[in-house]
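1. predicted model and sequence follow; I will ask about them next.
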Amino acid sequence: MKVQRERSNSRKASVVSNVDGVDLEAKARINTYEVSVVTGDVRGAGTDANVFIVLFGEDGDTGKVPLKTSRTSKNKFERGQTDVFTIDAKVGQVQKIRIGHDNKGGFAGWFLDKVMIDVPSLGQRSVFPCGRWLDKNKDDGQLERELLPGTDTEETYTPYVPYEITVYTSDVMGAGTSANVYVVLYGSDCATEEVILADTAKKKKDSFKRGSVDQFVKELDNVGDVIEKIRIGHDNKGITAGWHLDKVEVRRLKDDGETSTSYAFPCGRWLAKDEDDGSVVRELIPQKVVEETITEDGDWETKEIDQEKLELRKYKVHVFTGDVKSAGTDANVFVTMYGEYGDTGERQLLKSETHSNKFERGNEDIFTLEAADLGNIYMITLRHDNSNLRPSWFVDRVDVRDVETDKLFPFICERWLSKKKEGKIQRNLYVKGYEGERSSPGTASAGSLGASVRRGSRGSLRSSRSSLRRSSESLPAATRSATADAIFMEEFGEGKTEAAAPPIAYTIRVTTGDQTDAGTQAPAHIVLIGTEAATEKIPLVLIQTEGFTPGLTETFSVEAVDVGDVKKVELSSNSYGADDGWFVKEVEVDVPTSGKKCFFPCNRWLAQNKEDGKVVHSSITMTMFGTDGTTPEFVVDKDESRFERACVDLIRMDLDDVGKLLKVRIAVDGKGTRPDWFLEKMIVRNMDTHSVSVFKCNQWFSKTEGEGKLIKELPAETDGEEMLRSDIMGAGTDANVFMVIFGENGDSGELALKNSETYKDKFERNHSDIFSFKGLLSLGELMKVRIWHDNKFFGANWFLESVEITDESTGESFMFPCNRWLAKDKDDGSLVRELTCSNPKKSTGSRVPSEFELTFVTSDKQNAGTSQNAWVILEGEERKSQEYQIENNPKNKVLRRGQTDTFKFVTKHLGTLTHLTIGHRKREGSTVKGTGKDTGWFLHEVIVADLETGAKYVFPCRQWISLSSDKKDAVRLECKLCEKPRKATIKDLQPVQYLLEIYTADVAHAGTDANVFITLYGANGDTGQRPLTKKFVNLFERGHMDDFKIEALDLGQLTRLRIEHDNKGFGAGWMLEKVDVTNLESQEKVSFPCTQWLDKKKGDGKICRDLLPLPS
């Protein structure tokens, strides 16, 4: 180790300033604890006393550490303030802390809110709540407190690693800087956050002088094995902000701690607004990569590594300010470019190459930016800071040209960046023709579901590569129109959309309207629909002209399949902005082979902002139904770029896994300036299983177009049809009856029981009424039904004996007994009943083998994984399983650090699982070095899924498992959590009555005359919407409490409620204070605070609110 010390000392020659006071090797051996102390926001909360802290961890304690220098505040521990301190120690995960003060100073008493501790090297963050005084004259008079981490406050993330960053400031006049210098590292796996190098005033004062070499050691994200580039810059603050940077070196240790890799990033340029190109940011790529290793003799061995390098590129950014009144801006403008290899970071557009007064009306300003090769650029973020006298800015477009390849990337804007005009001073612009995901700037995604994000030596979290599809590439010769095919099949029959005959010639004439803005430069396509076939999309390629001109007729000679007699045409335009709208007067199609001419008058706009537009501005909600359940209803956000005409939108969402998808329910609220939406189809890919489901629509969601419906259910592409029957018996009612059927594959939606197949006068005493529903997708095994009536007409009371439902595709029947009244003045007064299936449970015979899926989660602790074998035995209520061995080998590396491994295991029927025994044994032929934890395996937990019943069992472990051939050293784990399948849970539920206490606030005009409705949601489902009514009672008056009882299947723990009214009546506005819900079976009471208006004219204008329960 002597040689190592000498090498380490040689690194720190006298010219090197070790700013952080620790070298890379020492930093790797200790942990940095970032301690954030939050002083309470109460009167007199601050203190002038000397505060100390003791950290108690799994590896010992720190002893008293004085909290002297706050990184965030000069005057520390003031009221409502958060002070951050750094402690270097080696105590492992913090289990508790002791914090106190010496009671010195004029104002010593201190109210401590909480302490937050972040340990980047362990990837752990914890909160230690306090909320008490440390004051001799308040509370219990204590000056010290021991704090434990709060429940559910511990957070884990990927551990950080240390980097040694050495910065060489040039030895030229004025080279030093007074600004704050930051750096970002980009690697093969991700990029770090922007980090300030000299993060205190003292460090900043002593760093970045002329000719100085400053060394920093920072804990940052693990960017992977390869560092591809760095971005270094400063904030241009201080008197001498300009900086001449010579080079930067970055060194990091490998996992063995004895090998390091150094990257040299030359610069040799100014980062100054008044020097060079005026940029204060530089992107640097490594010129030399060296690996240093300590040999067995203790000597240093160095070798240079060949690494694939990015190239530095120059990009010309052409910014076109619109030619409209007051379009120019005086604000400071910034741009960030995103490509398949990374991003540029935010750059200010300073020096225009074309105009001294930049961003004026109708001007084109050109800027040159230098950055590492971005590949295909798919998005830019353009913003201004809203400063100066005239900040509002109308941007026509931005063109980015790669100087090296001369490739042009156009970005259409045609919008204001203005707080006054459109409320936005920042916009994300996508390259013309982009069909990928339009989400956050940090996520590049595939242009289609068939392409995946490529990750290679140049991929990173911020630079995930995407398959970029330009408009010229996205329409190959064989592209078909699903809407045209659907029209053809509907009118002329299936199977003829493609013709085997050779193509024939067509002459197509398209006439553009006379209006001055009727023309377009956007690409256009046509589809011919005839009696025999429908063509593919035919591009209308213009020659020697840039677009369709107002008042002119363009002629096209094309070849396509013989469609027979041309009956319809589909004309489309890929318009990207407001000025790309196209008014088509008429289309003429000549068929020379038959001598026929066909005329198709149009006189319509093809535009996003005129007439129908075929786009949507409404709110869209969806529910997915699968073989394993149903997702909650979720909202698909409509941002400014989604659901535009002819667009393919790729949207990533985290949803519950509901198994194989069967159908989707899509709803549009029909609001907004453009409420109508024509959906062609939706494709859903499960990113875990890679299964793809296609839901074809080709219909309008609209009140005025198509069927006039805003809600549609789309089946996944599958064969077959489902029919349900209900055999309803009981005493008569004249009311309208409705029901919802719930199965393992979802629910049926609301079904109106209108036309009985057995009786014209339905629901009469002793009648059995049969109803058939064709076209319903299979719901699988049925679990419950919800049935109700609307209480209309004279004879509304109804005694229901039972409901029987037969699935005619399987012949299986399900019985739902009731034997209750649905009547306002009988029984409990409820008009709604939820009924569970009384069919006997399907038993799994003890002789039938059971198949289990075992998931082993290995901890992410250091050396937690193993390369040896493991074995497991399951224990159930009926018997034990045989031993199951998990084999590790070089080709099948399992049970490694931070890894989750899944195996399938068939055994005799065990009954309900209770315990699991896990062992760790040596792999045959392997050599094991070390003992104890060095050879152990740290298992976090085992999750076992019974593939037959759907039950899931969780066996926490969280301990080291010794390597041993003796079964006595195995660990026996107890099942701590058993999740029953949803269908089993629902079948076991019993009806429960809930007491609702609705408190109207005691403020002026708080009461309402509107009709009020409520829906309760719990762990086991929901009640459906229930009206809150009483006869001869004036409900929901100011300061009153109104109580109601409703019955539903036991909801389990209540999670939320929805309360709303229909805004009818003279005094519809309502101020709701709270709702209390009591389960009359368990007497458990849950309170849902509101204290808000449900009033279209007050508050936020909402008349429907979702309320969350107060924590118990």
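-> That came in fine, so what should we check first?

2. what ranges do the helices span in the stretch 101-250 of the chain?
-> Listed in chain order, the helices of the stretch 101-250 of the chain (DSSP state H, counting those that start in this stretch) span residues 201-206.

3. low-confidence ranges in it?
-> Residue ranges of the stretch 101-250 of the chain with pLDDT under 70: 151-153.

4. how about 80 then?
-> 151-155, 188-189 (pLDDT under 80).

5. list the buried residues in the longest strand along the chain.
-> Assignment by DSSP state E gives strand 259-271 as the longest strand of the chain. Neighbour counts over strand 259-271 (16 or more other CB atoms under 10 Å) mark Ser260, Thr261, Ser262, Tyr263, Ala264, Phe265, Pro266, Cys267, Arg269, Trp270, Leu271 as buried. Backbone N, C-alpha and C define where each C-beta goes, glycine included.

6. beta partners for the nearest residue to the second one once chain neighbours are set aside?
-> Using CB to CB, 6 or more residues apart in numbering and skipping the chain neighbours, the partner closest in space to Thr261 is Glu291 (5.2 Å). With beta bridges defined as DSSP bridges, Glu291 has these partners: Thr261, Lys303.

7. show me where the protein has its helices.
-> 2-11, 24-29, 201-206, 482-492, 982-987 (DSSP state H).

8. with respect to these, which exhibits the lowest mean confidence?
-> Mean pLDDT is lowest for helix 2-11 among those, at a mean of 41.

9. with just CA atoms, put stretch 155-169 into PDB.
-> The C-alpha trace of stretch 155-169 is given here as PDB (Å, rounded to 0.1, in the frame of the first residue of the first chain):
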ATOM      1  CA  GLU A 155     -37.100   6.200   0.400                       C
ATOM      2  CA  THR A 156     -34.600   4.200  -1.600                       C
ATOM      3  CA  TYR A 157     -33.000   5.000  -4.900                       C
ATOM      4  CA  THR A 158     -30.000   3.900  -7.000                       C
ATOM      5  CA  PRO A 159     -26.800   4.600  -4.900                       C
ATOM      6  CA  TYR A 160     -24.500   7.400  -6.100                       C
ATOM      7  CA  VAL A 161     -20.800   6.900  -6.700                       C
ATOM      8  CA  PRO A 162     -17.900   9.300  -6.200                       C
ATOM      9  CA  TYR A 163     -16.200  11.100  -9.100                       C
ATOM     10  CA  GLU A 164     -12.900  13.000  -8.900                       C
ATOM     11  CA  ILE A 165     -13.200  16.100 -11.100                       C
ATOM     12  CA  THR A 166     -10.000  18.100 -11.700                       C
ATOM     13  CA  VAL A 167     -10.500  21.500 -13.400                       C
ATOM     14  CA  TYR A 168      -7.500  23.300 -15.100                       C
ATOM     15  CA  THR A 169      -7.900  27.000 -15.500                       C
END
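
10. that stretch: how far from the chain's middle?
-> From the chain centre to the centre of stretch 155-169 is a distance of 27 Å (CA atoms, centre = their mean, to the nearest Å).

11. stretch 742-757 now?
-> With CA atoms, centre = their mean, you get 33 Å for stretch 742-757.

12. so how far does that stretch reach from one end to the other?
-> 23 Å (CA to CA, to the nearest Å).

13. check which residues of that stretch are buried.
-> Neighbour count says stretch 742-757 has Phe742, Gly743, Glu744, Asn745, Gly746, Asp747, Ser748, Leu751, Leu753, Ser756 buried, by 16+ other CB under 10 Å.

14. quick check, nearest of these to Glu878?
-> Glu744 (25.5 Å; CB to CB).

15. that closest one reaches Thr630, doesn't it?
-> No - using CB atoms under 8 Å as the test, Glu744 is too far from Thr630 to be in contact (9.4 Å).

16. run through the bridge partners of Glu570.
-> Assigned bridge partners for Glu570, using DSSP bridges, are Val527.

17. count of residues packed around it?
-> 18 (other CB atoms under 10 Å).

18. distance of it from Asp171?
-> Computed as CB to CB, to the nearest Å, the Glu570 to Asp171 distance reads 70 Å.

19. do a quick rundown of the strands in the stretch 751-900 of the chain.
-> Using DSSP state E, counting those that start in this stretch, the strands of the stretch 751-900 of the chain run over residues 751-752, 767-774, 782-789, 798-807, 812-822, 832-836, 850-858, 869-876, 884-886, 900-907.

20. likewise the stretch 451-600 of the chain?
-> Going by DSSP E, counting those that start in this stretch, the stretch 451-600 of the chain shows strands at 504-512, 524-530, 538-539, 553-560, 566-573, 582-591, 596-606.

21. so what strands line up beside the longest one?
-> When pairs are called by DSSP bridges, strand 596-606 turns out to pair with strand 582-591 (antiparallel).

22. the residue nearest to the spatial centre of the chain and Met622, how far apart?
-> In the chain, the centroid-proximal residue (CA atoms, centre = their mean) is Met653; its distance is 5.0 Å. To Met622, Met653 is 9 Å away according to CB to CB.

23. mutual contacts of the two, please.
-> Phe634, Val636 (CB atoms under 8 Å, 6 or more residues apart in numbering).
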